[in-house]
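Student: For reference, the sequence and a predicted model appear below.
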Amino acid sequence: MNRILIVEDEERIASFVEKGLRANGFTTTVVGDGDAAYDYAVTGGFDLIVLDIGLPGKDGFTVLRQLREARVSVPVIVLTARDSVRDTVAGLEGGADDWMTKPFRFEELLARVRLRLRTAAGAPEVTVLRNGELTLDLRTRRARSGERTVDLTAREFVLLELFLRHPGQVLSREQILSHVWGYDFDPGSNIVDVYVRALRKKLGAGRVETVRGMGYRLPE
């Protein structure tokens, strides 16, 4: 299980990223200032760091520079509201492995996290997810149920990918909302139920189960 250090001083965003990563099987630690970020990162106890730039104490640029000077080679994804070319270049040249600007979609962050971890581990890329006769090709973005090709909208694709990556696991509505719709979702919305119903119609009634009072599950 990969361990990720989240360095973010805005509580709402930190909570959103933490919940999404934990829902996808990662172990997370959250800190809100640059000094704590450096202290945690140099322990060597993390496989990846998600790093904000505008932090109390040391800013993210300083933390990044000091980590690389200390020969800490853990992959770093910068997540920041700064979107100028100068800042992006400074971050990448300063040792960041990737750079994302806020606001962001969680599925994009998750894809980048997985990519950086695979690259660091030298692991082969997974391009097709399978569950019985159900397959999802991540490159062509096509789904198949048995011999049938299933056309999916962009949101349905992300939702099905989430279920296929967690077969047998009950996913709460909150977990699904944060993963598929991002941190600006309305927690009182019934949009998850609407999309699950649509997915069932396309894949077949038994594909996604309702676990009453808890959420939804794709049977193993």
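Tutor: Good, I have the coordinates. Numbers count the residues shown, from 1 in each chain.
Student: use CA for all of it now, contacts and neighbours both
Tutor: Noted.
Student: ok, V42 touching L67?
Tutor: Yes - between V42 and L67 there is a contact at 7.0 Å, judged by C-alpha atoms under 8 Å.
Student: Neighbour count: the two, which is higher?
Tutor: L67 (19 against 16; other C-alpha atoms under 10 Å).
Student: Just the buried residues of whichever strand or helix holds the more buried one, please?
Tutor: Element membership of L67 [criterion: DSSP states H and E] is helix 60-69. Judged by neighbour count using 16 or more other C-alpha atoms under 10 Å, the buried positions of helix 60-69 are 60-61, 63-67.
Student: Return the residue of this protein that is most distant from the centre.
Tutor: In the chain, counting by C-alpha atoms, centre = their mean, E147 sits farthest out from the average C-alpha position, at 30.7 Å.
Student: picking that back up, measure how far the helix holding L67 is from the centre of its chain, please.
Tutor: Relative to its parent chain, helix 60-69 has a centroid offset of 23 Å by C-alpha atoms, centre = their mean, to the nearest Å.
Student: That helix: what's the following helix or strand?
Tutor: With DSSP H and E, the next secondary element past helix 60-69 is strand 76-80.
Student: Can you tell me which helices and strands that following strand packs against?
Tutor: Applying 3 or more C-alpha pairs under 8 Å, 6 or more residues apart in numbering; DSSP states H and E, we find strand 76-80 packed against strand 48-51, strand 98-101.
Student: let's go with 10 Å and repeat that
Tutor: If you count contacts as 3 or more C-alpha pairs under 10 Å, 6 or more residues apart in numbering; DSSP states H and E, strand 76-80 packs onto strand 3-7, strand 48-51, helix 60-69, helix 85-93, strand 98-101, helix 106-121.
Student: CA atoms of the worst-scoring helix or strand of the chain on mean pLDDT as PDB?
Tutor: Sorted by mean pLDDT, DSSP states H and E, the helices and strands of the chain end with helix 85-93, the least confident at a mean of 80. Provided in PDB are the C-alpha atoms of helix 85-93 (Å, rounded to 0.1, in the frame of the first residue of the first chain):
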ATOM      1  CA  VAL A  85       4.600  29.900 -16.800                       C
ATOM      2  CA  ARG A  86       7.300  31.300 -14.600                       C
ATOM      3  CA  ASP A  87       6.000  29.400 -11.500                       C
ATOM      4  CA  THR A  88       5.500  26.200 -13.400                       C
ATOM      5  CA  VAL A  89       9.000  26.300 -14.900                       C
ATOM      6  CA  ALA A  90      10.500  27.200 -11.500                       C
ATOM      7  CA  GLY A  91       8.700  24.200  -9.900                       C
ATOM      8  CA  LEU A  92       9.700  21.700 -12.500                       C
ATOM      9  CA  GLU A  93      13.300  22.900 -12.700                       C
END
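Student: Appreciated, that's everything.
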